[in-house]
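K.L.:
Fold the following.
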Amino acid sequence: MPTETGIAFEEIKARRGKLRDACREQRVAAFAVLALPNVRYLSGFTGSNAALLVTGDREVLFTDSRYTIQAEEESDCDIQIAKGPLIEALVRYAQRLGVTRLAFERNRISFDDHQRLAAARGAIRLKGLSQTVERLRLLKSPAEIAAIRAAVNLNSAALERALRRFKPGATELDLAAEIEYSMRQLGSDGVAFETIVASGPRSALPHARPTANKIAPDQLLLIDMGALAAGYASDMTRTLAVGALKSSKARRMYHAVWEAQLAALDAVKPGVPASAVDFAARHVLRRSGFDKLFIHSTGHGLGLEIHEAPRLGRKEAVRLEAGMVITIEPGVYSEGFGGVRIEDTVVVTPAGCEVLTPTTKELRFT
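P.N.:
Numbering: from 1, shown residues only. From the prediction side, this is the model:
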């Protein structure tokens, strides 16, 4: 039976089995999962307040009374409706079970929750672990890849719908709103991140927020957008030309980034260090004289969160594996002039990679 995310309960149970294996390796009796994406990954529950206790023979989901019905519908775990901080309820339950060593997510716990955990632990010994669940999430299952593919296709369809309604003179905020409305019309859960629409000189800001500035002719227009489908994210950037785009520099920038992106895609293969993909993009940009204007990494993983491991940067030694889903997104940014970024969502396959993003990379004029 599928969960709200479309992932079968049997698959979620298998994930918890892998977490138990990790607990045995670390010699801990139980694991407290506090990060909501990780709770969702291991339980299927999508609410905004939750914690999960996984022991050797049971899994208990803690939430509050707002989610009594939803938790029963979405998760096959035992449900505990708590009053007050969930971490305190989780520790009390672990004590009743006789847990003596409890692992927790050191990299995902708030200061307040850590203080509560330490104060409530009693005779339980605590062990902070980092990236334990995130490592399980590195390789996506066929069902997860199908969900990401659906999010990618929805994302691309939303862009096409929004661009059909776009007219020069609209503001960045107008276009961003149209994009997000189109996502919703097509069935998205929502946005994976705040939509970036930046025109003219503002396109040189890699993470620009849309403004009331009007989108003028003969300028670059950068759009970075992501939709959620069944909880899984997509991510795509396209840079368009508004009007004729008479600037030869803008066209050179565009083609250099396009070539760099194709080179990086060609470098994606199982066993390849993430840094090699980054190097492939930078090597092309160095030849064209734009490498100094490439100021971020070449990509990142995505799934239930928009930014997941692995990171594709200069010093990243992690080797790619089939089943990883990543972005490939080189860009160049010229202050006071404009910027270009081209980004696809990609799945690593046994033979190389599959580009999931269907939207053309040809320079488009709108």
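
K.L.:
The stretch 1-150 of the chain: helices as residue ranges?
P.N.:
Secondary structure of the stretch 1-150 of the chain (DSSP state H, counting those that start in this stretch): helices at 9-26, 36-43, 68-74, 86-97, 111-120, 132-137, 142-164.

K.L.:
do the stretch 201-350 of the chain as well
P.N.:
Under DSSP H, counting those that start in this stretch, the stretch 201-350 of the chain gives helices at 248-267, 274-287.

K.L.:
what about the ones you listed, which gets the closest to T63?
P.N.:
helix 274-287 (36.2 Å; C-beta to C-beta). Using the backbone N, CA and C atoms, a C-beta is placed for each residue, glycine as well.

K.L.:
so where's this protein shaky on pLDDT?
P.N.:
For the chain, the stretches with pLDDT under 70 are 1-5.

K.L.:
Buried residues, stretch 100-112. List them.
P.N.:
Using 16 or more other C-beta atoms under 10 Å as the test for burial, stretch 100-112 gives L102, A103, F104, E105, R108, I109.

K.L.:
Counting only strands, which of those residues make the cut?
P.N.:
Among these, the members found in strands (DSSP state E) are L102, A103, F104, E105.

K.L.:
The second one: what's it in contact with?
P.N.:
By C-beta atoms under 8 Å, 6 or more residues apart in numbering, the contact list for A103 reads C23, Q26, V28, A30, F31, A32, L126, K127, G128, L129, T132.

K.L.:
residues touching A89, list them.
P.N.:
If you count contacts by C-beta under 8 Å, 6+ apart, A89 has them with A51, F62, Q80, A82, K83.

K.L.:
Turn those residues into CSV, including distance to S182 and neighbour count.
P.N.:
Below are those laid out as CSV (distance: C-beta to C-beta, whole Å; neighbours: other C-beta atoms under 10 Å):
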residue, distance to S182, neighbour count
A51, 36, 26
F62, 37, 27
Q80, 40, 17
A82, 39, 19
K83, 42, 9
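
K.L.:
which of the helices of the stretch 1-150 of the chain is buried the deepest?
P.N.:
Most buried of the helices of the stretch 1-150 of the chain, by mean neighbour count (mean count of other C-beta atoms under 10 Å): helix 36-43, with a mean of 23.

K.L.:
Which strands and helices lie in contact with that one?
P.N.:
Applying 3 or more C-beta pairs under 8 Å, 6 or more residues apart in numbering; DSSP states H and E, we find helix 36-43 packed against helix 9-26, strand 51-55, strand 59-63, helix 132-137.

K.L.:
again, 6 Å this time
P.N.:
Judged by 3 or more C-beta pairs under 6 Å, 6 or more residues apart in numbering; DSSP states H and E, helix 36-43 is in contact with strand 51-55.

K.L.:
What sits closest to A244 if chain neighbours are left out?
P.N.:
Once flanking residues are discounted, A244 sits nearest to D218: 5.8 Å by C-beta to C-beta, 6 or more residues apart in numbering.

K.L.:
how about that neighbour, what does it touch?
P.N.:
Residues near D218 by C-beta atoms under 6 Å, 6 or more residues apart in numbering: G243, A244, L245, K246.

K.L.:
Of the residues you listed, which is the nearest to L265?
P.N.:
Nearest member of the contacts of D218 to L265, counting by C-beta to C-beta, is L245, at 24.7 Å.

K.L.:
ok, the residue nearest to A244 to R341 distance?
P.N.:
From D218 over to R341 the distance is 19 Å, taken as C-beta to C-beta, to the nearest Å.

K.L.:
can you redo the contacts of A89 as JSON lines with distance to A192?
P.N.:
Putting these into JSON lines (distance: C-beta to C-beta, whole Å) gives the following:
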{"residue": "A51", "distance to A192": "24"}
{"residue": "F62", "distance to A192": "27"}
{"residue": "Q80", "distance to A192": "31"}
{"residue": "A82", "distance to A192": "30"}
{"residue": "K83", "distance to A192": "33"}
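
K.L.:
List just the nearest of the buried residues of stretch 100-112 to L42.
P.N.:
L42 lies nearest to E105 out of the buried residues of stretch 100-112, by C-beta to C-beta, at 11.4 Å.

K.L.:
Wait, the closest one touches A32, no?
P.N.:
No - using C-beta atoms under 6 Å as the test, E105 is too far from A32 to be in contact (7.3 Å).

K.L.:
returning to what we had before: looking at the helices of the stretch 201-350 of the chain, which is nearest to L222?
P.N.:
Nearest of the helices of the stretch 201-350 of the chain (C-beta to C-beta): helix 248-267, 10.8 Å.

K.L.:
Return the backbone torsion pair for the nearest residue to Q131 once chain neighbours are set aside.
P.N.:
If the residues on either side of it in the chain are set aside, Q131 comes closest to N107, at 6.2 Å by C-beta to C-beta, 6+ apart. Main-chain torsions, N107, degrees, to the nearest 10: phi -80, psi 0.
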